[in-house]
Every structure is written in C-alpha cells, then in structure tokens.
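Trainee: heads up, no residue letters with this:
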C-alpha cells in the first residue's frame, strides 16, 4: 500500500478530479459543473469525483486514448450531443487531430449506424467551427 508523506497528503478525489477535468476540458468542463450548482450540486461533485477523480486518473490509458474511446462511445450513443461536443473539444485539447476525430466518428457508422455518425460529424463541425472562430 502506498502512503503519502506527512507534509504532502494525497489529494482528495474531488481535488484530483478537478485537476484532471481542467487538464482535459479546460473551461468547458467547469461550465458544466457550474451549471449544476443551483440545481444539483451533489451531482456536480459526483461528476468530478467519479469520472475524473477515479476513472480518468487511473493508469493504463493515456488521456488521448481515453478521449478517443469517449468520442466513439458518445457518438455511438446517439443521444448525447452536448457531451459529445465537450469531449470533441477535450480530444483536441489532448492532442487528437481533427482528422483523427472525424475518422473515429466515421468508424462508428459501422457499429452505431449512419444517423449516429452523421450526428457526430455535425457535432464535430460545430466544435471545429467554434475553435476556428476563436482563433
């Protein structure tokens, strides 16, 4: 079992999750959390602690691989466009190219159907355009 030095306690799940969320999503992730503050603050905490504090912080996959998996999963779900847009932005933040994102989404046509892939490509177009406009 790994222990922390007395002067350097291990970060809490929340602190670790918030740091990982900022690393991956930047402002977009914090906007999602802030939007929950007045309706479900506990859910906002769960969102930071579990996905980002526990899962995204695990060894075994780098952030690039994790975001490829998330873009694929959200595309295949076909009903999570807002989350897909956030994670397409996150994929760009962790070094995945626009071309790679498009290929991942196109791959989902084989497993989730053309409508899901078309919706995913529309989300990608929106994110790419907003990033282009911001530069």
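Mentor: It's in. Being a predicted model, the structure only gives us computed values, none of them experimental.
Trainee: now the helices for the protein?
Mentor: Here the chain has its helices, by DSSP state H, at 13-25, 27-35, 41-47, 63-77, 81-93, 98-112, 114-134.
Trainee: how about the second one: buried residues?
Mentor: Looking back up the chat, that one is helix 27-35. Applying a neighbour-count criterion of 16 or more other Cβ atoms under 10 Å, one finds 28-29, 32-33 buried in helix 27-35. Placement of C-beta: from N, CA and C, glycine included.
Trainee: Let me have those in a markdown table, extended by pLDDT and distance to residue 100.
Mentor: Shown next, in a markdown table, are the buried residues of helix 27-35 (pLDDT from 0 to 100; distance: Cβ to Cβ, whole Å):
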| residue | pLDDT | distance to residue 100 |
| --- | --- | --- |
| 28 | 75 | 19 |
| 29 | 77 | 21 |
| 32 | 82 | 24 |
| 33 | 83 | 27 |
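Trainee: Just put these in JSON lines and tack on distance to residue 129.
Mentor: Converted to JSON lines, those look like this (distance: Cβ to Cβ, whole Å):
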{"residue": "28", "distance to residue 129": "15"}
{"residue": "29", "distance to residue 129": "20"}
{"residue": "32", "distance to residue 129": "20"}
{"residue": "33", "distance to residue 129": "25"}
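Trainee: so what pLDDT did the residue nearest the centre of the chain get?
Mentor: Taking Cα atoms, centre = their mean, the centroid of the chain lies closest to residue 87, which sits 3.9 Å from it. The model reports residue 87 with a pLDDT of 95.
Trainee: show me what contacts it?
Mentor: 67, 70-71, 74 (Cβ atoms under 8 Å, 6 or more residues apart in numbering).
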